[in-house]
Each structure stands twice: as structure tokens, then as C-alpha cells.
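Asker: Need a 3D model of the sequence below.
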Amino acid sequence: MTLPLHTFRATALVSAVVLATATLLPSAAHAQFGAVAPTPTALRPAVDKAYSQLMAAPQILRLLDAVKADHDRATEDLRMLTEIEAPPFKEQKRAEAFLARLQALGLTNAAIDAEGNVVGVRKGTGNGPKLVISAHLDTVFPSGTDVKVKERDGKLYAPGISDNTRGLAVLLSWLKVLNDQKIATVGDLVFVGNVGEEELGNLRGMKHLFKEHLDIDGLVALEPAPDGTVLVLGTGSHRHEVTFKSPGGHSYAAFGEVPSAIHGMGRAIAKIAEIRTPKSPKTTFTVGTVGGGTSVNTIAPDARMAVDIRSDEMAPLLATEKQVLGAVDSAVTEENARWGVNTLSASTKLIGDRPGGRTAADSLIVEAAVRANTAFGRQTVLGGASTDANVPMSLGIPAIVIGGGGKTGGFHALSEWIDLTDAWKGAQTSLVTVLGLVGVQGVSAPLLDKRPPRTK
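Answerer: The predicted model follows:
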């Protein structure tokens, strides 16, 4: 998950919980904390009715007991999947293992799609909505990283164990207990282990899923969010790789005859640094990496930089992007004019495009999550981040991100950890959220509306 501004991280999510504020402690990047919208207090009568019915039903109470009883077995799934490397664009081995577990637990129609997502549908009784429940397969760690799970002081340590292997293990637990307890949902549950959430994965898995499946009515994604946190804001981002080219030459002999690619890039960076962005909606930019040149006594023939631009709304993101690209053009013009030539050039390549979006705080899917939290005695805080939910949010499809239980920290660091003490409680709450949305045969009607299928 890419945590931005209000609640989470730039490339990591949460670590510790204070329920009164749902404070999230990012690891790999700094973030600002706070709710992005007021938590709804007056809920639709249908929402209250559905969750009252669910929490009073004997079969649902048995189901929740089964979630608790499955905790140790689910932990073994967590260990197994964590110890399979899943770097960006190299998720196949973990995908195959996740697929095998889904099939062993009864989802026989599950398969790996053309983009590398694992997708399987647990059919409902008919005429209900189709809800995606997902967790991403990929981690930020490169091939060769030691991903062996180590236990000490009541915590499990391993790169990627919480972000987001815990989510995968919770999905497997849900499938097992739903099948063991013979719970029939009215709507379809689409189990998805998706690729491409981290780094330059560019949400490719979710983009493919929603391109190929036009009848999806909603999404609930699992991430390592604290109990009670519901992500409703998807921060959009554009990333550009900018390459500067010049003939180059000897630092003494060619001086005054050719421009320096590095000097031109330096002008561009200085101009970008002066850009002003709105505080609300929060809009940010950074030149994240730079490189180039051949030696200390060479007028650089090449230079390159990567720029990250983010915003809670697309209009200021695009406006800032226009200024950034304009700064590059101006810098090239000025560096050429400095030497009276036109031999310096710059080209830009879009290397990251995460659409932004928002699920309204008063939407039914958010009220459902709030009511489920209340049923388990939890306060709700509405937050924001850059996650898989960005894609459906950008399409106007109801989508939220919630946690799967457990206290977590050290995201995107080799010291990443998870404390699974009572983690089954979070898995229970999130499962009840899902069941209210799709409905349970003989207990409650689905809350999530069926939408007309989209067109390509």
C-alpha cells in the first residue's frame, strides 16, 4: 500500500494503534495523520437492521467462533506465504501458492489471470451483488531478500509479513470458515490476490481486474490498517522519468561549446523546488532520484531524474504536473541559451499513473463498515492512502480498505513485524462487514446495490 497524506504512508502503511485517534505510524516515509472525513453517526435503517440480524443469528455466531478457532492454522498460512518471495513483477511463485491454498479450501474455480492476479468466485445464491475481497501479493523487497519468519518477544518478523501477506492469510481463513460452516451468501464473493500494488507496479493487477470484469459492484480490500480504520480516500499520483541529453565533452576543452545535461537538470530541479501547491486538497511533489554523468572531468552527456507528484484530487495533481513539466522545458531552454546552442534536450516518460478517487463518507459501503465496527465496540476513523481501492474509486465503484487484524509495524523495512495477539478479532469484524454487504441467505438481505454492468 502506498500511504500518502492524511493517515498513512507514502509507501508504507500503519504500525500502532490508539483507537481514539487511530494513529498510524508509517515506516518508509513520513506522513500526516488525521481523519479525512467525519465518521457518519446517523446510519440508514437498513444498515442497522442488517447488522443487528447478523449479530443475532446463531450461524453467524458460530462462524465468528470458527474464525477464532482457525487462528493458529491461518498463522501457518501466513508463515508459508511470507517465506515465498514476491518482488514487484515477480509475484508468480507466491501467486501459485496462494492459488493452491484457495483450491484446497474449496474454491475450485480459482485461477491466475493474464496479468498474474489470482481470482476465484464463491457464488452466492443468486440475484445478489458481486463484491471483490482482495489483498495484494507483491512486496517491495527485491529477489534474494531473507524472508524467513523469525519469532521473538511475541511478534513475528519478516519482510512483507504484514504488508500484505497477513491480508492473504485472512482471505484464506474466511474461505475455510465460510465453507466449513456452510454459510450461503446472497451475493458473490470474488476472492482476489492481486499483483502490482507496490512501487512501480502501478496498480496493474487492479486495473486489469476491473477492465476484464465489468459487473463488479464493490470492493473491500485488506491492508494492515488498525482496527476501526476505514480508508475512503485514494490519493492519486503521477510519476515521471526525465532524461536529459547533450553531446557532452571534455570539461576543459569543450567548455563553452556544449551544455551539461547535469547542469540543465539542476536548473529544472531548482525550478521544481519553487512550485507552490495547495494545502487542501493536499498536493505534493518530489524529485526522488537523480543520476547521470560519466566522470568528474566530463561535461555530462546525460542525466536523469524521477519525479513523484501526488494529490487527493486530480485537478491539482494535473496542475502541478503541468508546472513540473514546464520547469523541465524552461530549464532546457535556459541552459541552451547560456551557451548559445540548442543541443541539450529532455524527454519525459510516465512511469507511474495511479488514479485518485474517493468513496463518500455517507455512502452505504462506508456506513456498513462503521456499523460493523460498532457491533464489535470499535470507533471508526475514515482515512486515506494510495491503495488498490484507487482503481474502483476512480471508476465510481464503491470501495473501502479495512484491516485484517493484528498490530503491525516496520513497513517496507527488513524489520517488518506483526503481533497476532487477538488478531482474530480484526478478522471477525472485517468478515462481518463483508457479509452485511453481500447478505446471508436466511439471515439478512444484501446492502450493496447491484450496478448495471459497465462498458469497455
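Asker: going forward, measure contacts and count neighbours with C-alpha atoms only.
Answerer: OK.
Asker: residue contacts, residue 94?
Answerer: Contacts for residue 94 (Cα atoms under 8 Å, 6 or more residues apart in numbering) come out as 81, 84-86, 137.
Asker: next one: the lengthiest helix in the chain to chain centre, how far?
Answerer: Longest helix of the chain, by residue count under DSSP state H: helix 314-339. Remark: helix 314-339 is offset 30 Å from the chain centroid, using Cα atoms, centre = their mean, to the nearest Å.
Asker: got it, and stretch 97-111?
Answerer: 23 Å.
Asker: pLDDT (mean, whole number) over it?
Answerer: When pLDDT is averaged over stretch 97-111, the result is 98.
Asker: Then stretch 279-286?
Answerer: 96.
Asker: what comes up buried for it?
Answerer: Of all the residues in stretch 279-286, those buried under the rule 16 or more other Cα atoms under 10 Å are 282-285.
Asker: Can you name the residues in contact with that stretch?
Answerer: In contact with stretch 279-286 (Cα under 8 Å, 6+ apart) are residues 5, 277, 307-313, 316-317.
Asker: Ok, stretch 162-174 next?
Answerer: Against stretch 162-174 from outside (Cα under 8 Å, 6+ apart): 1, 12-13, 67, 70, 74-75, 77-78, 81-82, 98, 101-102, 105, 133-139, 191, 193, 222-224, 403-404, 408-409, 411-412, 416-418, 427, 431.
Asker: Could you pull up phi and psi at the residue nearest the centre of the chain?
Answerer: The chain has residue 387 as the residue nearest its centroid, 2.2 Å off, counting by Cα atoms, centre = their mean. Dihedral pair for residue 387: phi -140, psi -180, per degrees, to the nearest 10.
Asker: Now do the same for residue 89: its pLDDT.
Answerer: 97.
Asker: before we move on, back to that, would you mind listing the buried residues in the longest helix of the chain?
Answerer: By 16+ other Cα under 10 Å, the buried positions in helix 314-339 come out as 314, 316-318, 320-321, 324-325, 327-329, 331-336.
Asker: Also stretch 135-151?
Answerer: Within stretch 135-151, the residues scored as buried using 16+ other Cα under 10 Å are 135-141, 147-149.
Asker: Keeping just the C-alphas, turn it into PDB.
Answerer: Only the C-alpha atoms of stretch 135-151 are listed here, as PDB (Å, rounded to 0.1, in the frame of the first residue of the first chain):
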ATOM      1  CA  ALA A 135      -5.200  -8.500  -0.700                       C
ATOM      2  CA  HIS A 136      -2.100  -7.800  -2.800                       C
ATOM      3  CA  LEU A 137       0.500 -10.500  -3.400                       C
ATOM      4  CA  ASP A 138       3.600  -8.200  -4.000                       C
ATOM      5  CA  THR A 139       6.000  -6.700  -1.500                       C
ATOM      6  CA  VAL A 140       8.600  -4.000  -2.000                       C
ATOM      7  CA  PHE A 141      11.600  -6.300  -1.300                       C
ATOM      8  CA  PRO A 142      13.900  -7.500  -4.200                       C
ATOM      9  CA  SER A 143      14.800 -11.000  -5.000                       C
ATOM     10  CA  GLY A 144      17.300 -12.500  -2.600                       C
ATOM     11  CA  THR A 145      15.900 -10.800   0.500                       C
ATOM     12  CA  ASP A 146      15.800 -13.100   3.600                       C
ATOM     13  CA  VAL A 147      12.100 -13.600   4.100                       C
ATOM     14  CA  LYS A 148      12.400 -16.300   6.700                       C
ATOM     15  CA  VAL A 149       9.900 -15.700   9.500                       C
ATOM     16  CA  LYS A 150      11.500 -15.200  12.900                       C
ATOM     17  CA  GLU A 151       9.700 -15.000  16.300                       C
END
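Asker: what about that stretch, distance to the chain center?
Answerer: Computed by Cα atoms, centre = their mean, the chain-centroid distance of stretch 135-151 equals 16 Å.
Asker: do the same with stretch 432-443
Answerer: For stretch 432-443, the distance to the chain centre is 25 Å (Cα atoms, centre = their mean).
Asker: For residue 49, pull up the helix or strand it's in.
Answerer: Using DSSP states H and E, residue 49 sits in helix 45-56.
Asker: Determine the set of other helices and strands touching that helix.
Answerer: Secondary-structure packing of helix 45-56 (3 or more Cα pairs under 8 Å, 6 or more residues apart in numbering; DSSP states H and E): helix 364-375, helix 423-438.
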